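Output the structure for:
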Amino acid sequence: MDRHLFFYSARHSYFRPMPPTHPHIKKLLQCIDLEEKEQVKRYSLDQQHTLKSLKAEGLALHPIMVTRKNFGYADYPEISFRLNFPAETNLFKDGAAIECFCSGEEPVKGVLISLEGKAGEFRLFAPDFPDWIEDNGVGIKLAPDQRTTTIMKAVLNDLENNKDLYQLFEQIHSGESKEKLSTTAKPVSLTFKNQFLNDSQQKAVTAITQNEKITIVHGPPGTGKTTTLIEAIVQLIKAGEKILVSAPSNTAVDNIAKGLIAAGVQVLRLGNTSKVDEAIFLHTPEGKLANGKQQKEIKELKIRAEQFRKMALKYKRSFGKAEREQRNLLFKEVKNIRAEIKKIQAYNEAKLYTEADVILGTPVGLYDAKINHLRFHTLVMDEAGQCIEPLAWCIFPLAQKYVLAGDHLQLPPTVLSNEAARLGFNRSVLEMSIASVNNIFLLDTQYRMRKAIAGFSGKYFYNDLLQTAAHLDNTGIHISFIDTAGSGYNEVRGSNGMSLQNEGELRIVKKLFDTAVLDPLTTAFISPYAGQIAAAKEVLPAEMRISTIDSFQGQEQDNIILSLVRSNDDDDIGFLKDYRRMNVAITRAREQLFVIGDSATIGGDAFYNLFLTYIEKYGAYRTVWEFEME
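Prediction:
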């Protein structure tokens, strides 16, 4: 039967499109359902999941102190807040779906814009601020991301109806020869704008310009992946292409946007603009239209809307029928004015879309922008190793050719449902594609860290192909392991009973600041366990960056102290077994890497045994007793 035919549904008594037939699409849809159910279960505030337990698990922040209110992106209410207490905030990432709540009130859905230290900001998907927003006991909690879920389901259900895209999907999932997705374009000679690209970067750029369907740029830490992509985009524009750039995080999108702006590229950054710096803001629709002819009209409309809003707010919660009707009429007028503002903005933004050489945004941000009427030649996806597969298919229809850049040997996308992860839902679009794409280019020279720090990762994960730039050769000891074996520094469950801590390892960290002359401002503390991070925030200098390994992926610091935590009589190393997490951890430091752990617990594992052997040869192997005697 043809895919475009319809079948009769007795249940709904109307005709509807046939459901997908491809087994992997079915599995992805099943995984989305599993993940959605797990989110609802985990994030619910009910008798089983009390506010206290959600706070203990790092899923809720309560109470918050509202410091500022304003109408921001698309005239949604935005709230700035502070935390007056130490909290586990690692799961509250930019763009996370949240709910703002107050006891006895209906919660309001929104999105977290940012959270740095104890200061943050979120947006509410509501016409106005809740009456109770500044009451005592207001908080925010993580919520199921229903918007993203809905988009992914819609795209997957329609995938088989897009002939060209479905062909690519089948090739990626066929398990057949890589030759199917290899390029046949003739070599070309390029004049590189960036004269400092190394040989592997030049080869990757050249391959991208010859790309006929899909090319992968595999960039281990510090190998200049963004630099390479920027040069490739410049070359594609020179060839007359219009480019779409995306990444699963706003931070990654902004990073590549800055590089393109510096290269003189005409870019348009879509999505949230409330937290971008001035250099990027000028290249957003809001920034580009700031001094336009229609801006005065929009400003006047916003003033009118605010006047009506304030009039409506004069009617408090307890009022009669007449007052309620008057309030509703005022809010309706506010809604009408805002609709008129959006209409004016949409008309002007349409012109910006056609003028830009490159349009950038997160997958959901680009999908919501409704730019499918535009013709993009190439989609460049950065951080593709962090992008779950269905999210990528949301924007694949927008382009004809694809460049996936990232590192599938670092941590995969975060998935809450263990069952969905077992079915492969945490396999990124990069990891899925790399098995069937022939055009894979490794950036083979790293410019971030000392040779000794990069050495083990290069040998174990990158087949000894990763080189270090000459100026980063060793000038002393740059990697150390501090062994706690036999010290009694055992792991314990934290007070919430959820995550592990190791107080003894934290005592060593404090002594390291005295013996190694470390500066808290140039040192970061990382650990696999949220419980250890919470304990560290109580005892280590406040100016230090303290984070789980997962949250620190993509970041770097001069000095890194890594606390492994695991120390027990059963040689149980838990999710230290995911060696990609260790790959992330040991490639964050530029100058000094200190690893604290129990060799008796981790040494029975082949990977960690190799790591300890490497440090004995290329670094410093120390024992806890050196610190106990000081």
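
which SS class is Lys109?
strand (DSSP: H, G, I helix; E, B strand; the rest coil).

Now do the phi/psi pair for Leu379.
Leu379 adopts backbone torsions of phi -100, psi 120, taken as degrees, to the nearest 10.

which residue packs closest to it, ignoring adjacent ones?
Among residues not flanking Leu379 along the chain, Ala399 sits closest, at 3.7 Å (C-beta to C-beta, 6 or more residues apart in numbering). (Each C-beta comes from the backbone N, C-alpha and C, glycine too.)

Quick check: beta-bridge partners of that neighbour?
Phe376 (DSSP bridges).

Surely it is in contact with His377?
Yes: counting by C-beta atoms under 8 Å, His377 is a contact partner of Ala399 at 6.7 Å.

Comparing the two, which shows the higher neighbour count?
Ala399 (21 against 16; other C-beta atoms under 10 Å).

Please report the distance of the more buried one from Lys238.
As judged by C-beta to C-beta, to the nearest Å, Ala399 and Lys238 stand 18 Å apart.

End to end on stretch 398-416, go ahead and measure it.
29 Å (C-alpha to C-alpha, to the nearest Å).

Buried residues, it. List them.
For stretch 398-416, burial by neighbour count (16 or more other C-beta atoms under 10 Å) applies to 398-399, 401-413, 415-416.

Stretch 437-446 now?
The neighbour-count check on stretch 437-446 (16+ other C-beta under 10 Å) flags Val437, Asn439, Phe441, Leu442, Leu443, Asp444, Thr445, Gln446 as buried.

what about dumping the CA coordinates of it to CSV?
What follows is stretch 437-446, C-alpha atoms only, in CSV (Å, rounded to 0.1, in the frame of the first residue of the first chain):
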residue,chain,number,x,y,z
VAL,A,437,29.0,7.4,6.8
ASN,A,438,32.3,7.1,4.9
ASN,A,439,33.2,10.8,5.0
ILE,A,440,34.6,11.0,8.6
PHE,A,441,37.4,13.5,9.3
LEU,A,442,39.4,13.4,12.5
LEU,A,443,40.9,16.7,13.7
ASP,A,444,44.1,15.3,15.0
THR,A,445,46.0,18.1,16.8
GLN,A,446,44.8,19.4,20.2
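
Can you pull out the residues in contact with it?
Contact partners of stretch 437-446, identified using C-beta atoms under 8 Å, 6 or more residues apart in numbering, comprise 172, 178-179, 181-183, 198, 200-201, 203-204, 207, 211, 214-225, 228, 434, 454, 458, 462, 465-469, 472.

When you filter the residues you listed down to buried only, what's left?
Counted by 16+ other C-beta under 10 Å, those give 172, 181, 183, 198, 200-201, 203-204, 207, 211, 214-225, 228, 434, 454, 458, 462, 466-469, 472 as buried.

Next step: these restricted to helices.
Among these, the members found in helices (DSSP state H) are Ile172, Ser200, Gln201, Lys203, Ala204, Ala207, Lys225, Thr228, Ile434, Ala454, Gly458.

from the chain's centre, how far out does stretch 124-142 sit?
Distance of stretch 124-142 from its chain centroid, counting by C-alpha atoms, centre = their mean, to the nearest Å, is 25 Å.

Endpoint to endpoint, stretch 109-122 covers what distance?
Termini of stretch 109-122 sit 10 Å apart (C-alpha to C-alpha).

and the residue nearest the centre of the chain, what does it touch?
The residue lying closest to the centre of the chain (C-alpha atoms, centre = their mean) is Ser249, at 3.7 Å. By C-beta under 8 Å, 6+ apart, the contact set of Ser249 is Lys93, Asp94, Gly95, Thr362, Glu383, Gln386, Gly554.

If you rank those residues by neighbours, which is first?
Compared across the contacts of Ser249, Glu383 has the highest neighbour count, 26 neighbours, by other C-beta under 10 Å.

So what does the nearest residue to Arg450 once chain neighbours are set aside look like in phi/psi?
Distance criterion C-beta to C-beta, 6+ apart; nearest residue to Arg450, sequence neighbours excluded, is His478 at 4.1 Å. Backbone torsions of His478, given as degrees, to the nearest 10, read phi -120, psi -10.

Give the bridge partners for Phe71, please.
Going by DSSP bridges, Phe71 forms beta bridges with Pro77.

That one reaches Pro77, doesn't it?
Yes: taking C-beta under 8 Å as the definition, Phe71 is a contact partner of Pro77 at 6.1 Å.

Pick out whichever of the two has more residues nearby.
Pro77 (21 against 17).

Starting from Ser436, give me the distance back to Lys617.
Where Ser436 is concerned, Lys617 sits at a distance of 38 Å (C-beta to C-beta).

Of these two, give the one with the bigger neighbour count.
Using other C-beta under 10 Å, the more surrounded residue of Lys617 and Ser436 is Ser436, with 18 against 11.
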